[in-house]
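*Asks:* Next one to model:
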Amino acid sequence: MSTVCFSQQSGNPLANTEWNGIANIPSPEEITFKFSNDTIDLIFSGNVAEKMKYTLKDKETIRLFKIDGNSPCDSAEEGSYKFVIKK
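*Replies:* You can find the predicted model right below:
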């Protein structure tokens, strides 16, 4: 999946940003991640498909916890991902 970050804040560099990308679900589809201070809405076909809580482990690792959504992912599972913000 490729992502693009549109804006940043110094305290939480992900807050109030939107990342657009392509997810293979199962065929390639456009998605948007809308970040608030501590949650993410995954937008697919104009609707919120998943809502997740997130925390930043450090400046390059994000932890995701599912709150609600249509995927078969268990909300007790935690995802941990590396990311890079390009200026």
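*Asks:* what about the spatially most central residue of the chain, which helix or strand?
*Replies:* In the chain, the residue lying closest to the centroid (CA atoms, centre = their mean) is residue 33, at 4.6 Å. Remark: residue 33 resides in strand 28-35, with elements defined by DSSP states H and E.
*Asks:* Check whether the residue nearest to the centre of the chain really touches residue 44, as I assumed.
*Replies:* No. Applying CB atoms under 8 Å, one finds residue 33 not in contact with residue 44, separated by 10.5 Å. C-beta coordinates here come from the backbone N, C-alpha and C atoms, glycine included.
*Asks:* Pull the contacting residues for the residue nearest to the centre of the chain.
*Replies:* With contacts defined as CB atoms under 8 Å, 6 or more residues apart in numbering, residue 33 is in contact with 3, 18-19, 21, 40-43.
*Asks:* can you check residue 12 too?
*Replies:* Neighbour list for residue 12: 37, 56 [criterion: CB under 8 Å, 6+ apart].
*Asks:* Quick one: classify it as helix, strand or coil.
*Replies:* The three-state assignment at residue 12 reads coil, by DSSP: H, G, I helix; E, B strand; the rest coil.
*Asks:* likewise residue 56?
*Replies:* Three states are possible here, and by three-state DSSP the one that applies to residue 56 is strand.
*Asks:* State the pLDDT value of the residue of the chain most remote from its centre.
*Replies:* Among the C-alpha atoms of the chain, the one most distant from their mean position (CA atoms, centre = their mean) is that of residue 27, at 19.0 Å. You'll see residue 27 listed with a pLDDT of 91.
*Asks:* For residue 73, see how far away it is.
*Replies:* Here the criterion is CB to CB, to the nearest Å. By it, residue 27 lies 19 Å from residue 73.
*Asks:* what do you get for residue 61?
*Replies:* 19 Å.
*Asks:* Any buried residues in whatever helix or strand residue 21 lives in, and which?
*Replies:* Under the criterion of DSSP H and E, residue 21 resides in strand 18-24. Within strand 18-24, the residues scored as buried using 16 or more other CB atoms under 10 Å are residue 19.
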